[in-house]
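>>> A predicted structure for the sequence below; I have some questions about it.
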Number of protein chains: 4
Amino acid sequence: MNSFGKLFRVHIFGESHGQVVGILMDGIPAGIPFSAEDLTKDLDRRRSGAAGTTPRKEDDIPLVKSGVFRGYTTGAPLLIQVENKNTRSRDYTELRKTPRPGHADFTAFKKFGGYEDYRGGGHFSGRLTTGLVAAGVLAKKMIAPAKVNATILEVGGSTDIEAAVQQAIREEDSIGGIIECRIRRLPAGIGEPFFDSVEAVLSHMVFSVPAIKGIEFGAGFAAAKMRGSEHNDNFISIEGTTETNHAGGINGGITNGNEIVFRVVVKPTSSTHKAQKTMNFVNEEMQELKVEGRHDTCIALRVPVVLEAAAAIAMADLMLQGQEIERINQPKDTIT
Amino acid sequence: MNSFGKLFRVHIFGESHGQVVGILMDGIPAGIPFSAEDLTKDLDRRRSGAAGTTPRKEDDIPLVKSGVFRGYTTGAPLLIQVENKNTRSRDYTELRKTPRPGHADFTAFKKFGGYEDYRGGGHFSGRLTTGLVAAGVLAKKMIAPAKVNATILEVGGSTDIEAAVQQAIREEDSIGGIIECRIRRLPAGIGEPFFDSVEAVLSHMVFSVPAIKGIEFGAGFAAAKMRGSEHNDNFISIEGTTETNHAGGINGGITNGNEIVFRVVVKPTSSTHKAQKTMNFVNEEMQELKVEGRHDTCIALRVPVVLEAAAAIAMADLMLQGQEIERINQPKDTIT
Amino acid sequence: MNSFGKLFRVHIFGESHGQVVGILMDGIPAGIPFSAEDLTKDLDRRRSGAAGTTPRKEDDIPLVKSGVFRGYTTGAPLLIQVENKNTRSRDYTELRKTPRPGHADFTAFKKFGGYEDYRGGGHFSGRLTTGLVAAGVLAKKMIAPAKVNATILEVGGSTDIEAAVQQAIREEDSIGGIIECRIRRLPAGIGEPFFDSVEAVLSHMVFSVPAIKGIEFGAGFAAAKMRGSEHNDNFISIEGTTETNHAGGINGGITNGNEIVFRVVVKPTSSTHKAQKTMNFVNEEMQELKVEGRHDTCIALRVPVVLEAAAAIAMADLMLQGQEIERINQPKDTIT
Amino acid sequence: MNSFGKLFRVHIFGESHGQVVGILMDGIPAGIPFSAEDLTKDLDRRRSGAAGTTPRKEDDIPLVKSGVFRGYTTGAPLLIQVENKNTRSRDYTELRKTPRPGHADFTAFKKFGGYEDYRGGGHFSGRLTTGLVAAGVLAKKMIAPAKVNATILEVGGSTDIEAAVQQAIREEDSIGGIIECRIRRLPAGIGEPFFDSVEAVLSHMVFSVPAIKGIEFGAGFAAAKMRGSEHNDNFISIEGTTETNHAGGINGGITNGNEIVFRVVVKPTSSTHKAQKTMNFVNEEMQELKVEGRHDTCIALRVPVVLEAAAAIAMADLMLQGQEIERINQPKDTIT
């Protein structure tokens, strides 16, 4: 299912080399100030350009097609789409024979029986995160005054991020990284006891972002080596403030009012200019494969804003469920 | 929401010191051989008893109340419940004043406004995983011939698990651990491109299990230090078999036919006999707290079977969506 | 799927001649006063006994198994079940050969492949409405101060209901009827523009009640003969009060603050003592069938309380979505 | 929620006088032949033009933006949108003061707090059924070889439809009608026992269509006057064929293999050129209102194709759930 959420619902669509990518959002409260310009900053953060990101130049001009009237959300579905302009035509026949390792070429074929649009990853392309980022802009407005912020902790095993990227470029290889995301000023009481714990819903959304292969909350995997007396976060105020935050702001699946903290690992970009040995599915022989074309040396560099969007979308949905967000933002008194 | 799943749906209910805990399942195919005895083995694995687990003796006799007729599932909702017998009455007034660090006492109050059944953790209790394990037994039958298997990798930072537990008992403290789960013999093509990627759905379910604070697939967090050329799993057969399995059996959110591999971290049990300093929410002063009563030194010891259940439930739901499981298991030819 | 609702979710289970019938509810706000005694009145209304209803004596003692603590709902799932005691054992082998006309015998076989519990209608039995009525009691509390009230308009084509029933008993036949349901004191603004219009959600729930074959809102089918100038309900106050109520309280799928009015048709009970000609599925010959056993001459007599429950459940769900119901009913100030 | 369905999911969006109306579909099997031209016939049927329908000329050129590749559905979300070109600018200030009787003007204000796009009915406009009809074209392909067909039975109380329309035009008034829909060649066994009975799901979808105020299956409301011995449909073949079809092809909520038959009532168009007396919400005085502009004398004339779409969408979703439709239509053998 290409949808996420119970009350704030996002529906993703599009293909990398098709006509458009975009997102349809439902359940946004009425009365939130919004215009297409509000999308610029986060879409720019997501876009390529820096060293280590793909040289494909994406204009990414977002078109707001419905759900906004005179500068405010209406409460009706809000459609945002971006036209694909900078796509390169080429012959995929050869490429198709050797599904790229680490990519969805093979699994997409298995799932969609050969009818999938395989050009540039098609519906599986990271380009679809454009829609997520756009939805994140709305979600961030919804969860205000809470703030979500993601930063890169390391790439390729190094905290000197620029150096690590340059090294990988020289090697014609790709690298991964670790991103940390924090959400401040959330009230206590968000989330559900079991299946919709904050960790469950956040991770569900976060693993919808391509290339992410792990997530940990608070102390995370380090907790495996801690004693309970050390891991427990003692309360130091009746508002629920704790001395430490090993729980990452979540107890029993529910926010405790402290900062939510989680980290994700982004795998190295699967496309690399380096030659790899893999199977030719037509002649069933092993062959050498070099993935041509434009791609990111380190896709992790572009993930923070996507992760923020994912986090904001998930929290917005949980907060609507808990009535921490109102359905109408400052309703008008009279019909005229 | 206390429900999980789209086609195979599990609904959890009950409280630790209430009348029952249990699970209601919907969407199970008709015609699967099943009786209450099938539950014994996994429920026994979950139950306490070994060193490092709580001395509370739980009989856990599962009652199958609906959905089974003459030894087969009927396709109608299947209700399993376990009566709570070995609960200790006591006065919770004092305990209530100092919400236990690391527990849901405080967050439950925030969410349910003081109406929550707080005895023994109430609806948040790990005892509710009894229902998950029961559902897991059905799910395992549904996904057959695929097999799911979870094992403890380490506890308290050590692979000598017995020694680590004994040490923690001596310290009157608690420890966490890391569990690995593998699913073999799944076909390629299960899962959805974005929001219902296998990682997304598995992690959603896995984080519904209390005490889990992190999950990683395949190479997981180690991928952050790898090169793409190293991380990519080269195909070595046209069935999709790969030379390595850094992806943990999942590409683009969809199974590739290799083994699914993931690991979770279980935090140290929050209840420990060791004295902790925390806030008294009535007089607003810091005080010392010792959590009395029966509890696990290392809850991670009991997690493998719960993790298997979680994994099987998630995969069963995805496989029903992908029609990899049929709605009727060997339909009868004639009405009589 | 045996579930209904988005935020107030009811999950039905059980079989007519199995161990139990019941309902599991999720999403009930915390803090609503409730005890098993509150169920008595509506369950009594549903139960058989009057002339025209089945002589099967159902004790229907509802057991509240979870989700209630010290006289209040906790916000956790609330399980109610009723044990089946007064079931008659008999040999169904003969009966199975001739699926009863108008019943689900044949369709259940087609759907569940012969594994269905066919005794007394099994999971399809009208006895499962016991669970609906129980859920209705909670839903009525949730939507207060709104009130829902259903009454019988006619049975067997006559408004002299007692006479019509006596006549049908004499004929050893069965009759249907028309029930009207009204919901007063609902605020304007409930419902959704398209797929979750009030009519859509109410009718979805109402057609879950066995034997109902039609529904109409406000003027209903009579609107087909009206002029627009006659059908339109003119506003006579700025609160939205209208002069007439041909719309049945709903415009554009959303409540307008006037009374919601709808009517349903209940088909005549399919089981009748009168001999019918039908197919023997074993020897493929037409044969005479007399449905033995206890059954209702006019099931419509028992429908009003079920219809009220259905209406209240549907409205409670829509009102939670629109935040017209709060998640905690009078939260407590302090944790103790 | 502006979405319908569990496995075949349609998401509607747009406003009458905004940029677009359209629909996003998810869960369509891969491999179904499809191009924009396939939409023409049904969109033409929905479009205005005949006597009794609005003179607004809608071009309704449907743009297929995603989910189709080389003439086949890909299994990814399929987006269809239609640009709004023939909208008339005007001043709505005066109109806004007197919410039109029978319209959603007032209820939309109550729900969306004054932020709704009220021009021409906005998101509530019947123009949004364009998207439904487009989705219906896909749904009809999915449920093949089953066929759905809707016809007008009467308008304004008369079966001489042309005469009735001419009469209403002369009176400057509007009229309603009754439409019948039949679905042939469906297999037995579709649907769910309780909440997702075929009647429940069909009616949910059907009441999403504006102006429909009642639905009845098979004998429908006439069943209230029938005896059980008369209403029961006797089986005459072991395929489940019945002698009569008073049940409308559905027993116990599940298809029995006979034709599905249902009828709906369409209320008279709320907009009429005839003067009406209603409330001015600004000065709180009763005033005369004449709804200017282009509108349908008898909207029922345009409903059949919308009803067919609604029925096909609902059945496609149920059939995917029951695995009566495969996820890939003729999968390819090899990846190239």
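Noted; the coordinates are in hand. None of these values were measured; they are calculated from a predicted model.
>>> What segments of the stretch 101-250 of chain A are helices?
Residue ranges of the helices in the stretch 101-250 of chain A, as given by DSSP state H, counting those that start in this stretch, are A:105-112, A:129-143, A:161-170, A:198-206, A:228-231.
>>> buried residues in the worst-scoring helix or strand of chain A on mean pLDDT?
Taking all helices and strands of chain A together, the one with the lowest average confidence (mean pLDDT, DSSP states H and E) is helix A:93-97, at a mean of 83. Neighbour counts over helix A:93-97 (16 or more other CB atoms under 10 Å in any protein chain shown) mark A:95-97 as buried. (Glycine included, C-beta is placed from N, CA and C.)
>>> Can you sort out which of these also neighbour chain D?
Among these, the residues that sit close to chain D (CB under 8 Å from any CB of the partner chain) are A:96-97.
>>> Which one of the buried residues of helix A:93-97 is nearest to D:Gly102?
Using CB to CB, A:Arg96 is the member of the buried residues of helix A:93-97 that lies nearest D:Gly102, at 57.0 Å.
>>> looking at it, that closest one is touching D:Thr336, isn't it?
Yes - with contacts counted by CB atoms under 8 Å, A:Arg96 reaches D:Thr336, the gap being 4.9 Å.
>>> Tell me which of the helices of the stretch 101-250 of chain A lies nearest to B:Ala222.
Using CB to CB as the measure, helix A:161-170 is the one of these that comes nearest B:Ala222, at 16.0 Å.
>>> Please put the alpha-carbon coordinates of the closest one into PDB.
Only the C-alpha atoms of helix A:161-170 are listed here, as PDB (Å, rounded to 0.1, in the frame of the first residue of the first chain):
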ATOM      1  CA  ILE A 161      32.200  14.300   6.400                       C
ATOM      2  CA  GLU A 162      33.700  16.300   3.600                       C
ATOM      3  CA  ALA A 163      37.000  14.300   3.600                       C
ATOM      4  CA  ALA A 164      35.100  11.000   3.700                       C
ATOM      5  CA  VAL A 165      33.100  12.000   0.600                       C
ATOM      6  CA  GLN A 166      36.100  13.200  -1.300                       C
ATOM      7  CA  GLN A 167      37.900   9.900  -0.500                       C
ATOM      8  CA  ALA A 168      34.900   7.900  -1.800                       C
ATOM      9  CA  ILE A 169      34.700   9.900  -5.000                       C
ATOM     10  CA  ARG A 170      38.400   9.200  -5.600                       C
END
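>>> residue ranges with poor pLDDT in the stretch 51-200 of chain A?
Within the stretch 51-200 of chain A, the segments meeting pLDDT under 70 span A:54-58, A:88-89.
>>> ranges for the strands of it?
A:62-66, A:68-69, A:72-73, A:78-83, A:147-155, A:177-184 (DSSP state E, counting those that start in this stretch).
>>> Which among those is found nearest to chain C?
strand A:62-66 (12.5 Å; CB to the nearest CB).
>>> Over in the stretch 151-300 of chain A, which residue gets nearest chain D? Let me know.
The minimum distance from the stretch 151-300 of chain A to chain D, using CB to the nearest CB, falls at A:Phe281 (4.9 Å).
>>> when you compare where the longest helix along chain A runs with where helix A:129-143 runs, what's the angle?
Assignment by DSSP state H gives helix A:303-321 as the longest helix of chain A. Compare the direction of helix A:303-321 with that of helix A:129-143 by axes from the mean of the first three to the mean of the last three CA atoms, to 10 degrees and you get 50 degrees.
>>> Helix A:303-321 packs against which elements?
With contacts defined as 3 or more CB pairs under 8 Å, 6 or more residues apart in numbering or on different chains; DSSP states H and E, the secondary structure elements packing on helix A:303-321 are strand A:3-4, helix A:40-46, helix A:129-143, strand A:147-155, strand A:177-184, helix A:198-206, strand A:260-266.
>>> Show me what the fifth one is packed against.
Helices and strands in packing contact with strand A:177-184 are listed as strand A:147-155, strand A:260-266, helix A:303-321; criterion 3+ CB pairs under 8 Å, 6+ apart.
>>> Quick one, which of the strands of the stretch 51-200 of chain A gets closest to A:Phe8.
Comparison of these against A:Phe8 by CB to CB identifies strand A:78-83 as nearest, at 10.8 Å.
>>> Listing partners with orientation, what would you give for the closest one?
strand A:20-26 (antiparallel), strand A:62-66 (antiparallel) (DSSP bridges).
>>> can you put those strands in a markdown table and add mean neighbour count?
Putting the strands paired with strand A:78-83 into a markdown table (neighbours: other CB atoms under 10 Å in any protein chain shown) gives the following:
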| stretch | mean neighbour count |
| --- | --- |
| strand A:20-26 | 26 |
| strand A:62-66 | 21 |
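>>> Of those, which is nearest A:Glu308?
With CB to CB as the yardstick, what comes closest out of the strands paired with strand A:78-83 is strand A:20-26 (15.3 Å).
>>> what about the residue of the stretch 101-250 of chain A at minimum distance from chain C, how many neighbours?
Distances from the stretch 101-250 of chain A to chain C, computed as CB to the nearest CB, single out A:Pro193 as the nearest residue at 7.1 Å. Number of residues near A:Pro193 (other CB atoms under 10 Å in any protein chain shown) recorded here: 28.
>>> Just confirm it contacts A:Ile250, I think it does.
No - A:Pro193 is not in contact with A:Ile250 according to CB under 8 Å; the separation is 11.8 Å.
>>> so what's A:Met319 up against?
Listed by CB atoms under 8 Å, 6 or more residues apart in numbering or on different chains, the contact set of A:Met319 reads A:142-143, A:190, A:325.
>>> The same query, at a cut-off of 10 Å, please.
A:7-8, A:139, A:142-143, A:146, A:186-187, A:189-191, A:255, A:325 (CB atoms under 10 Å, 6 or more residues apart in numbering or on different chains).
>>> Which ones among those residues also lie next to chain B?
When contact is defined as CB under 10 Å from any CB of the partner chain, the contacts of A:Met319 meet chain B at A:187, A:189-191, A:255.
>>> out of the helices and strands packed on strand A:177-184, nearest to B:Leu153?
Using CB to CB as the criterion, the shortest distance between B:Leu153 and these is 17.8 Å, found for strand A:260-266.
>>> model confidence over that closest one, on average?
Strand A:260-266 shows a mean pLDDT of 98 in the predicted model.
>>> returning to what we had before: got JSON lines for the helices of the stretch 101-250 of chain A, with mean neighbour count too?
As requested, the helices of the stretch 101-250 of chain A are exported to JSON lines (neighbours: other CB under 10 Å):
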{"stretch": "helix A:105-112", "mean neighbour count": "27"}
{"stretch": "helix A:129-143", "mean neighbour count": "26"}
{"stretch": "helix A:161-170", "mean neighbour count": "16"}
{"stretch": "helix A:198-206", "mean neighbour count": "27"}
{"stretch": "helix A:228-231", "mean neighbour count": "23"}
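>>> so which of those comes closest to D:Gly218?
helix A:105-112 (39.3 Å).
>>> Name the residues of chain A found near chain C, please.
Counting by CB under 10 Å from any CB, the positions of chain A adjacent to chain C are A:6-7, A:26-27, A:29, A:75-77, A:189, A:192-194, A:238, A:320-328, A:331, A:334-335.
>>> Pull out the buried members of the residues you listed.
Of the members of the residues of chain A next to chain C, the ones counted as buried by neighbours, 16+ other CB under 10 Å, are A:6-7, A:26-27, A:29, A:75-77, A:189, A:192-194, A:320-325, A:327-328, A:331, A:335.
>>> element containing A:His11?
Secondary-structure element containing A:His11, defined by DSSP states H and E: strand A:9-14.
>>> With just CA atoms, put that strand into CSV.
Coordinates of the C-alpha atoms in strand A:9-14 are reproduced here as CSV (Å, rounded to 0.1, in the frame of the first residue of the first chain):
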residue,chain,number,x,y,z
ARG,A,9,-2.8,10.2,5.4
VAL,A,10,-0.2,10.6,2.8
HIS,A,11,-0.4,8.8,-0.6
ILE,A,12,2.7,8.7,-2.7
PHE,A,13,2.8,8.3,-6.4
GLY,A,14,5.0,8.7,-9.5
